[in-house]
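**Q** Prediction below, plus the sequence it came from.
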Amino acid sequence: MPVMEKFYSSKEVAELLDLTEGRICQLCRWNREKGREIGRKFGNSWMLTDLDIERIRLLPDRRKNSDDSDNL
């Protein structure tokens, strides 16, 4: 039987990482623009896996909220 990936909403991830939901969405968008996939877009919502959550944890400036996405 295939293993199903668990998906978390951007709101759930924000609570887990003590960030705002807007910041999680911003990180997903910026990394997508840089060719680094974090999260998947379903309609207007971002859904993330355990691997995506770990990638966000490893971002050096995940808490920094600036328009300078090159630091991500």
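**A** Structure received. None of the values given here were measured: they were computed from a predicted structure. Numbers count the residues shown, from 1 in each chain.
**Q** ok, S9 - contacts?
**A** Contacts here follow C-beta atoms under 8 Å, 6 or more residues apart in numbering; on that basis S9 touches S45, W46, M47, L48. C-betas here are computed from N, CA, C, even on glycine.
**Q** Report the beta-bridge partners for it.
**A** For S9, the beta-bridge partners are M47 (DSSP bridges).
**Q** What's the separation between it and E54?
**A** 17 Å (C-beta to C-beta, to the nearest Å).
**Q** Can you add pLDDT and give the contacts of S9 back as TSV?
**A** Formatted as TSV, these follow (pLDDT from 0 to 100):
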residue	pLDDT
S45	93
W46	97
M47	97
L48	98
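**Q** Buried only: go through those for me.
**A** W46, M47, L48 (16 or more other C-beta atoms under 10 Å).
**Q** What is the nearest of those to V13?
**A** L48 (5.1 Å; C-beta to C-beta).
**Q** What is the neighbour count of the closest residue to the closest one other than its chain neighbours?
**A** Among residues not flanking L48 along the chain, G39 sits closest, at 4.5 Å (C-beta to C-beta, 6 or more residues apart in numbering). G39 has 25 neighbours, counted by other C-beta atoms under 10 Å.
**Q** Which neighbouring elements make contact with the longest helix anywhere in the chain?
**A** For the chain, the helix with the greatest residue count under DSSP state H is helix 21-33. Judged by 3 or more C-beta pairs under 8 Å, 6 or more residues apart in numbering; DSSP states H and E, the packing partners of helix 21-33 are helix 10-17, strand 45-48, helix 50-58.
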